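Chemist: I'll drop the sequence and a predicted model, then ask my questions.
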Amino acid sequence: MSLDENWFTEIHHGTGSAFSLQVKGKLDEEQSPFQKITIYDTTDWGRFMVIDGCTMVTSRDNFLYHEMMSHPVLFTHENPRHVAIIGGGDCGTLREVLKHPTVEKATQIDIDERVTRLSEVHFPELCESNGDPRAELLFDDGIKWICEAPAASLDVIIVDSTDPIGPGEVLFTPEFYKGCHEALGQRGMVVQQSESPLLHMEIIEKMHRSLRKAGFDDVRTLFFPQPIYPSGWWSATIGRKGGKIEGFREADVEQRPFQTRYYNADIHRGALAQPEFFKQAVAGWG
């Protein structure tokens, strides 16, 4: 990361690329017990959160990520009532999950409370559902929480995780997915952000293999734009227990009692379309 002449730049080592935003100033900075959290005000992208020098979220484009991490999986599940979010400390995913009237309880488990508290100050629009009586915010080890969750107690698990490096690497292993599998009920689903299909195919391949090894019957990757992340093209990978990932509740999408900025039925269908290079790769993963 560098900050030069009012430009924040994150260099993506190993990909020959970088991403920059022009900033007007630093709004907040804090070293939590786990990581360094910085909030900037930018010229064109609103407020901007950086953790340990890595781009996390902006006011301008976060809706793409949060909507696609939430709505495709929730509208694919027949009746999502109990949802767990691992990570997601900015609370944007929690906000989207709680738009669904079928959801009776959404538990968010993020190890660093300071991410949430700073989000409440600087990204209040993302935290507007934190006081919902269906929301439970826990500040704990999400991996430990999943592994201790009662069997078949969850319908959907959303892993709103960091990249698979350092402490976040364990979130991409068969052992973690096995814990998710056991915590999910029949036809339960897990979804996890899975990096850029242009730059990180080895990560997506590992996820597909690990999810199947953990017992998930079907695995699919969906695609969506995300300008502030490497390559601007992002993905999320879904694993389903007890069945195929086929179709979704299209009528419910069309009649949803809430607004979205990106997600709709056409986007859902299109996000699951596989580019030819990806289709050929998946065929080789078995």
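Modeler: Okay, I see it.
Chemist: Show the low-confidence segments of the chain, by residue range.
Modeler: The chain contains residues with pLDDT under 70 at 1-4, 162-172, 286.
Chemist: try it again with 80
Modeler: Filtered on pLDDT under 80, the chain yields the residue ranges 1-5, 162-173, 286.
Chemist: Quick one: the strands in the stretch 151-286 of the chain, in order.
Modeler: Ranges of strands in the stretch 151-286 of the chain, per DSSP state E, counting those that start in this stretch, are 154-160, 184-193, 218-225, 233-240.
Chemist: want to throw these into TSV with distance to residue 270 and mean neighbour count?
Modeler: Heads up, the C-betas are built off the backbone N, CA and C, glycines and all. Shown next, in TSV, are the strands of the stretch 151-286 of the chain (distance: least, Cβ to Cβ, whole Å; neighbours: other Cβ atoms under 10 Å):
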stretch	distance to residue 270	mean neighbour count
strand 154-160	21	26
strand 184-193	17	22
strand 218-225	8	19
strand 233-240	13	23
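Chemist: I'd like those as TSV, with distance to residue 100 appended.
Modeler: As requested, those are exported to TSV (distance: least, Cβ to Cβ, whole Å):
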stretch	distance to residue 100
strand 154-160	10
strand 184-193	14
strand 218-225	18
strand 233-240	16
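Chemist: closest one to residue 11 among these?
Modeler: Shortest distance between residue 11 and those, using Cβ to Cβ, is found for strand 233-240: 18.5 Å.
Chemist: among the strands of the stretch 151-286 of the chain, which is nearest residue 94?
Modeler: Set against residue 94 and scored by Cβ to Cβ, the strands of the stretch 151-286 of the chain come closest in strand 154-160, at 8.9 Å.
Chemist: strands paired with that closest one, and their directions?
Modeler: The pairing partners recorded for strand 154-160 under DSSP bridges are strand 82-87 (parallel), strand 184-193 (parallel).
Chemist: Could I get these in JSON lines, plus columns for distance to residue 50?
Modeler: Listed next are those as JSON lines, based on distance: least, Cβ to Cβ, whole Å:
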{"stretch": "strand 82-87", "distance to residue 50": "16"}
{"stretch": "strand 184-193", "distance to residue 50": "17"}
